[in-house]
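*Asks:* Here you go, sequence then predicted model.
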Amino acid sequence: MWHLINGLQIILIPIYTFLAAILGTFVYIVTLDQSYAMKVAPNYFWSPLVFATMLTRLKVKGRENIDEEGYHIYVSNHESSMDIPAVFHSLKIPLFFIAKKELKKIPFMGWYMALIGMIFIDRSNREKALASMRKAGEMVKAGKNVISFPEGTRNKDGKIGMFKRGSFLIASSADVGVVPVAIKGAREIIPSESYKARPGTIYVSIGKPIYHRDHPELTIDEWAAFVREKVVELRNELPETKRWGE
């Protein structure tokens, strides 16, 4: 039975993604507001459908720490492909990604990401990567929230890896706060090494903004490590999770 359910999920999720891109493009054309388009399509259309299709519940702690009027860089641990819909569904604010340039080539979705103002980074070219980071800083200063997974890739054992410095360089130069976000349970829904999804609950905990100016004694790398510890603390406070059927 699970083979049939997983097969249906694999078919439906790309359809939702395509429809979300169409919806977001339409909203942007009508309003010419990138932030509003990013709020409507992923937050209220795509992510709820993904959660319903994956038979997954969401429980969020710390929503009072979300500043809907301000702008920050949200940093989260990364344990599953469910992390992205979990972040959208939890925060309910416009979020912009720093994405690898290869995603720009994906029909419809990549075009939508480019239209809506996502920043694409060329990881193979240091000069272009730095230029992308500078552009991200300008985007934050202009009043856009950015979501980042500073581990750089999904962890395979549930342990939070080292945080890379890119997001923290942007936050420091733009003088904006970094908001720690912890996700737990996403790996039990879809492990990073598998497409065999199972139902369950994803827990998200949102911390308070942390500013580099409040910790001038820390280098960028030390500040990244400091924020990582905050994410670890938030995650440790969430309920224990296990994969369905185990």
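*Replies:* Yep, that arrived. Every value quoted in this text rests on a predicted model; they were computed, and no experiment measured them.
*Asks:* for the protein, longest helix please?
*Replies:* helix 2-31 (DSSP state H).
*Asks:* mind listing what's buried in that helix?
*Replies:* Under the neighbour-count criterion of 16 or more other C-beta atoms under 10 Å, helix 2-31 has 6, 9, 13, 16-17, 20-21, 23-25, 27-28 buried. Placement of C-beta: from N, CA and C, glycine included.
*Asks:* now swap in stretch 238-246 and tell me
*Replies:* Applying a neighbour-count criterion of 16+ other C-beta under 10 Å, one finds 238, 241 buried in stretch 238-246.
*Asks:* gap between that stretch and the chain center?
*Replies:* Remark: stretch 238-246 is offset 22 Å from the chain centroid, using C-alpha atoms, centre = their mean, to the nearest Å.
*Asks:* Could you do stretch 19-31 as well?
*Replies:* For stretch 19-31, the distance to the chain centre is 20 Å (C-alpha atoms, centre = their mean).
*Asks:* coming back round to it: list the buried residues of the next helix or strand after the longest helix of the chain.
*Replies:* In the C-terminal direction, the helix or strand that comes right after helix 2-31 (DSSP states H and E) is helix 34-38. Neighbour-count burial for helix 34-38, counted by 16+ other C-beta under 10 Å, picks out 34-35, 37-38.
*Asks:* tell me how far helix 34-38 is from the chain's mean position?
*Replies:* With C-alpha atoms, centre = their mean, you get 16 Å for helix 34-38.
*Asks:* just stretch 196-210 next, same as before
*Replies:* In terms of C-alpha atoms, centre = their mean, the centre of stretch 196-210 is set 11 Å apart from its chain centre.
*Asks:* Likewise for stretch 133-141?
*Replies:* How far stretch 133-141 lies from its chain's middle: 17 Å, per C-alpha atoms, centre = their mean.
*Asks:* Contacts for it, please.
*Replies:* Applying C-beta atoms under 8 Å, 6 or more residues apart in numbering, the contact partners of stretch 133-141 are 71, 73, 96, 98, 117, 119, 121, 146, 166, 169-171, 173-174, 176.
*Asks:* Most neighbours of all the residues you listed, which one?
*Replies:* Among the contacts of stretch 133-141, the one with the most neighbours (other C-beta atoms under 10 Å) is Ala171, at 29 neighbours.
*Asks:* Please identify the helix or strand for that residue.
*Replies:* Here Ala171 is assigned to helix 166-174, by DSSP H and E.
*Asks:* Ala99 now?
*Replies:* Using DSSP H and E, Ala99 maps to strand 96-100.
*Asks:* now Ser148: how far from His3?
*Replies:* In this view, Ser148 and His3 are 35 Å apart by C-beta to C-beta, to the nearest Å.
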